[in-house]
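A.B. asks: Show me the folded form of this:
(one chain, ligands or ions: 1)
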Amino acid sequence: MNLPLNLAGLSVPLPPASSPQFINLYTESQPRQALSTARELTEGLIAGKASVAPKFFYDGLGSKLFEAITELDEYYPTRTEAGIFEACHAQIAATLAEAGIHRPCLIDLGAGNCAKATALIPHLHPDQYVPIDISVEFLKGAAEQVQNSFPTLDIVGLGMDFSARLMLPEEVQSHDRVFFYPGSSLGNFSPDEALQFLQHIANPAQGKARGLLLGIDLVKDTVTLEAAYDDALGVTAAFNKNLLLNVNTLLQSDFKVRQWRHVALFNAAQSRIEMHLEATCDLSVRWPGHERRFRAGERIHTENSYKYTLEGMKALLQQAGFRHIQHWTDPNQWFALFWAAV
Ligand code: AVI
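C.D. replies: Okay, the predicted model is just below:
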């Protein structure tokens, strides 16, 4: 809704918000996509050590549960990152201006509810905003809300699984592209995959990027880390178990959620939080053409969330080809925001 501005008693209506453009490059129901998804899920589920990729958390309910996670006391990354933005937005805007970037095309990777970009837009004044997410319907709603807040902003929403391939359509402005990858989502890739992804963005022939604004969670004590992924209310447990319901939909499998329990642990040797689903009894799961038996205590690995040091992340960005790397952090050094120029 466009509320009128009240200036010195005069009511000046805001221009009506146009609808954001939306391009859906990810349709589960398309036979080719459905087949490759079924193949990917089957490979993971029949492996000796079963796994399901974390992108399958994010169906409609999963996106809402993740939104709830970000409001939990235990889940410090979201509010810590927001605090860094709030304290440092002027410095971030100045850094981009010094690099000669004035009205960027802000490409929001894994935009979700677009809340982080909404806080940043008034400071970076982008010419175009491009939120991208695999959770298509959820993103559509979020992009409309951004459009309501910024009625004249050019918005191109993209439904896309960019973990597989980041290919931007021609509707995305080709100059002054600034990639925005907040929330430590890069940490859900292995360090090797993260390097490949960063190299892809830094490669001028492919990404046409001017730079990357990256939020990364830092190594800290195990108690704080494990509580963030195993909260008292059980929201993260529900988020993890909901993955089984999404797999049931995608694969026509018969997982029974009550037979599984949520496990989150910090693997210090690998510097990562691991999330698993553990069978609480001997059981079997069936889907067309397949059956997998699980013994009580056997696990499905559902997520890694890597935690970096400041030096480690700087080295990774340099190795990927970025330059002029800067970072901002919070007083506890729990989270960092990096700027890396191409
Ligand atoms: C999206 N991603 C950065 C979250 C994380 O912290 O790794 C996903 C998450 N998993 C459990 N809680 C939050």
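
A.B. asks: Contact residues of this structure facing the ligand?
C.D. replies: Applying the criterion C-beta under 6 Å from any ligand atom, the portion of the chain that neighbours the ligand consists of Ile69, Pro77, Gly183, Ser184, Ser185, Gly187, Asn188, Tyr229, Thr236, Glu303, Ser305. Just so you know, the C-beta spots here come from the backbone N, C-alpha and C atoms, and that holds for glycine as well.

A.B. asks: and the spatially most central residue of the chain, what does it touch?
C.D. replies: Taking C-alpha atoms, centre = their mean, the centroid of the chain lies closest to Gly110, which sits 3.7 Å from it. Contacts were defined as C-beta atoms under 8 Å, 6 or more residues apart in numbering; by that measure Gly110 touches Ile132, Asp133, Ile134, Phe162, Tyr181, Gly183, Ser185.

A.B. asks: which residues sit against the helix or strand hosting Met275?
C.D. replies: For Met275, the enclosing helix or strand under DSSP states H and E is strand 272-279. Contacts of strand 272-279 from elsewhere in the structure, counted by C-beta under 8 Å, 6+ apart, are 54, 187, 225-226, 228-229, 236, 240-241, 243-244, 259-267, 294-307.

A.B. asks: Now with 7 Å, please.
C.D. replies: With C-beta atoms under 7 Å, 6 or more residues apart in numbering as the test, strand 272-279 has contacts from 225, 229, 240-241, 244, 259-267, 294-307.

A.B. asks: Narrow those residues to those in strands?
C.D. replies: Counting by DSSP state E, those place 260-267, 294, 299-306 in strands.

A.B. asks: Show me the beta-bridge partners of the closest residue to the ligand within the chain.
C.D. replies: Using C-beta to the nearest ligand atom, the closest approach of the chain to the ligand is made by Ser305 at 3.3 Å. When bridges are called by DSSP bridges, Ser305 pairs up with Ile273.

A.B. asks: residue contacts, it?
C.D. replies: Ser305 sits next to Gly187, Asn188, Arg272, Ile273 when contact means C-beta under 7 Å, 6+ apart.

A.B. asks: Could you identify the helix or strand that succeeds the lengthiest helix in the chain?
C.D. replies: In the chain, with assignment by DSSP state H, the single longest helix is helix 76-98. Along the chain past helix 76-98, the next helix or strand (assigned with DSSP H and E) turns out to be strand 105-109.

A.B. asks: Which pLDDT value goes with Ser36?
C.D. replies: Among the per-residue scores, Ser36 holds a pLDDT of 88.

A.B. asks: so how far is Ala164 from it?
C.D. replies: As for Ser36, its distance to Ala164 is 9 Å (criterion: C-beta to C-beta, to the nearest Å).

A.B. asks: and the contacts of Gly110 as TSV, adding pLDDT?
C.D. replies: Conversion of the contacts of Gly110 to TSV gives the following (pLDDT from 0 to 100):
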residue	pLDDT
Ile132	96
Asp133	92
Ile134	87
Phe162	89
Tyr181	97
Gly183	96
Ser185	96
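
A.B. asks: got these as JSON lines, with distance to Arg210 columns?
C.D. replies: Formatted as JSON lines, the entries for the contacts of Gly110 read as follows, by distance: C-beta to C-beta, whole Å:
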{"residue": "Ile132", "distance to Arg210": "17"}
{"residue": "Asp133", "distance to Arg210": "22"}
{"residue": "Ile134", "distance to Arg210": "25"}
{"residue": "Phe162", "distance to Arg210": "18"}
{"residue": "Tyr181", "distance to Arg210": "14"}
{"residue": "Gly183", "distance to Arg210": "21"}
{"residue": "Ser185", "distance to Arg210": "20"}
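
A.B. asks: for the stretch 151-300 of the chain, what spans make up the helices?
C.D. replies: Under the criterion DSSP state H, counting those that start in this stretch, the stretch 151-300 of the chain contains helices at 191-202, 204-207, 222-228, 235-251.

A.B. asks: Just send these back as TSV, with mean neighbour count, mean pLDDT and distance to Gln173 too.
C.D. replies: Written out in TSV, the entries for the helices of the stretch 151-300 of the chain read as follows (neighbours: other C-beta atoms under 10 Å; pLDDT from 0 to 100; distance: least, C-beta to C-beta, whole Å):
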stretch	mean neighbour count	mean pLDDT	distance to Gln173
helix 191-202	17	94	16
helix 204-207	12	66	13
helix 222-228	16	98	36
helix 235-251	20	98	33
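
A.B. asks: and the ones you listed as JSON lines, adding distance to Ile46?
C.D. replies: Listed next are those as JSON lines, based on distance: least, C-beta to C-beta, whole Å:
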{"stretch": "helix 191-202", "distance to Ile46": "22"}
{"stretch": "helix 204-207", "distance to Ile46": "34"}
{"stretch": "helix 222-228", "distance to Ile46": "30"}
{"stretch": "helix 235-251", "distance to Ile46": "12"}
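
A.B. asks: which one of the ones you listed lies closest to Met313?
C.D. replies: helix 191-202 (9.3 Å; C-beta to C-beta).

A.B. asks: Can you say which of the contacts of Gly110 are buried?
C.D. replies: Neighbour counting by 16 or more other C-beta atoms under 10 Å classes Ile132, Asp133, Ile134, Phe162, Tyr181, Gly183, Ser185 among the contacts of Gly110 as buried.
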